[in-house]
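S.K.: Provided below are the primary sequence and the corresponding predicted coordinates.
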Amino acid sequence: ACRALVDELEWEISQVDPRKTIQMGSFRINPDGSQSVVEVPYARSEAHLTELLERVCEKMKEYGEKTDPSTHRKSYVRVISHDGTKMDLSGLKFDGDVTSSLKFACESIAEEYEDELIEFLSHEAENVKDRLCSKRT
C-alpha cells in the first residue's frame, strides 16, 4: 500500500508543469519596505503535496492484488494504466474487498506519515519508496 501510494504521488508530481511556481514565505512588509517572499516550484511544494495527499487514495480503486506464483507473496499493481493502455491482468484479483482494504491502508499511511511523505517528496530524493516504505514505516 505504501509503495502504491508513493508511485501515485510521484506520478502526480511528474504531471505538473515544471515552470509552475508558488510564492512562499511571509507576506508581511519588513521595516525596510521589502517582503520575504520566494518563488518555489509548485510540483514539490508543501501546498501541492498536501492537496495530493488528500485525494491520492482515491486512485487505489485502479489497483488489483497480484500473487507471485513462486513466492506466494502478494503485491498491489495497477489494473488501469495512467495513459489508458491495456495492461496484463493475468493472475490479478480485483474486487471490492481488495480495493477497499488498499484504500483504507493508503489513507492510514497518508495520515500517519503525512509529515514524512511531504519531507521526502518535497526534495527530489532517491529511493523514496525504499526509504519511506521499508525503513520509516
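M.R.: Right, received. Where do you want to start?
S.K.: which residues does the closest residue to Tyr63 other than its chain neighbours contact?
M.R.: Leaving aside its chain neighbours, Tyr63 sits nearest to Tyr76 (4.7 Å; criterion: CB to CB, 6 or more residues apart in numbering). C-beta here means a position set from N, CA and C on the backbone, and glycine is covered the same way. Tyr76 sits next to Ala1, Arg3, Ala4, Met60, Tyr63, Gly64, Glu65, Lys66, Leu102 when contact means CB atoms under 8 Å, 6 or more residues apart in numbering.
S.K.: Next, count neighbours for the last one.
M.R.: What that stands for is Leu102. Neighbour count for Leu102, taken as other CB atoms under 10 Å: 22.
S.K.: doesn't Arg3 make contact with it?
M.R.: No - using CB atoms under 8 Å, Leu102 makes no contact with Arg3, being 11.0 Å away.
S.K.: average model confidence for the helix or strand where Val6 lies?
M.R.: Counting by DSSP states H and E, the element that carries Val6 is helix 2-14. The average of the pLDDT scores along helix 2-14 is 92.
S.K.: for that helix, the distance to its chain's centre please.
M.R.: 3 Å (CA atoms, centre = their mean, to the nearest Å).
S.K.: and what of stretch 66-76?
M.R.: Taking mean C-alpha positions (CA atoms, centre = their mean), stretch 66-76 and its chain are 23 Å apart.
S.K.: Give me the distance between Leu5 and Leu53.
M.R.: Separation of Leu5 from Leu53 (CB to CB, to the nearest Å): 9 Å.
S.K.: Mind checking which of those two has more residues around it?
M.R.: Taking other CB under 10 Å, Leu5 and Leu53 do not tie; Leu5 has more neighbours (26 against 21).
S.K.: Neighbouring strands - and their directions - for the lowest-mean-pLDDT helix or strand in the chain?
M.R.: In the chain, no helix or strand scores lower on mean pLDDT, DSSP states H and E than strand 92-93, which sits at a mean of 74. Here strand 92-93 has these sheet partners by DSSP bridges: strand 63-67 (antiparallel).
S.K.: ok, residues contacting whichever helix in the chain runs longest?
M.R.: Using DSSP state H, we find that the single longest helix of the chain is helix 96-112. Residues outside helix 96-112 that contact it (CB under 8 Å, 6+ apart) are 1-2, 4-5, 53, 56-58, 60-61, 63-65, 76, 117, 137.
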